[in-house]
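A.B. asks: Here is my input, please return the structure:
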Amino acid sequence: MAVKAGPTVRIRIVLSAGVAIGPGKADLLAAIETHGSIAAAGRKMKMSYQRAWSLIDELNGMFDEPLVAVSRGGAQRGGASLTAMGQAVLERYRAIEAATASICVAELAQIGKMAKHYE
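C.D. replies: Below is the predicted model of the structure:
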């Protein structure tokens with residue numbers, strides 16, 4: 001039997017018209033941090049390499065400094081890692097998610113009681 005997690009909060013931070021960071025981009029940053037590779041992060045998220053690269057390019061252009069540093073392949077093989085700015089943005093995004101969820105506990109529980117339960 002599956003464990004019911006209940007309703008959750010997913011945050012999308014709109015920086016300006018058409019420029020936002022949401023759950024997908026945050027999860028991609030976290031996956032790059034974990035796997036050290038854009039390709040591996042994309043595979044983990046069932047996302048094409050091209051799509052992952054496109055999102056990283058978009059993220060890097062959204063801030064004064066890049067969020068992801070990339071080293072090209074070759075004999076040592078390439079890789080990717082979060083910059084200090086990338087780590088800071090991801091940490092703050094996760095903190096906003098956690099803070100929002102913690103102040104919405106009662107409301108989430110009420111919505112959960114009203115919703116159909118899917119298994």
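A.B. asks: Check which helices and strands the helix ranked longest in the chain is in contact with.
C.D. replies: Looking across the chain with DSSP state H, the single longest helix is helix 84-103. If contacts are counted by 3 or more CB pairs under 8 Å, 6 or more residues apart in numbering; DSSP states H and E, helix 84-103 sits against helix 23-35. Every C-beta, even on glycine, is put in place using the N, C-alpha and C of the backbone.
A.B. asks: tell me which strands and helices the following helix or strand past the helix it packs on is in contact with?
C.D. replies: The helix or strand immediately downstream of helix 23-35 is helix 38-44, counting by DSSP states H and E. Judged by 3+ CB pairs under 8 Å, 6+ apart, helix 38-44 is in contact with helix 23-35, helix 49-62.
A.B. asks: what separates the first one from the chain centre, distance-wise?
C.D. replies: Taking the mean of its C-alpha atoms, helix 23-35 sits 5 Å from the chain's own mean (CA atoms, centre = their mean, to the nearest Å).
A.B. asks: list the buried ones in that helix?
C.D. replies: Neighbour-count burial for helix 23-35 flags 25-26, 28-33, 35 (criterion: 16 or more other CB atoms under 10 Å).
A.B. asks: Could you report the separation of the residue nearest to residue 96 when sequence neighbours are not counted from residue 83?
C.D. replies: Nearest-residue entry for residue 96: residue 11, 5.6 Å, with adjacent residues in sequence omitted and distances by CB to CB, 6 or more residues apart in numbering. Applying CB to CB, to the nearest Å, the value for residue 11 to residue 83 is 22 Å.
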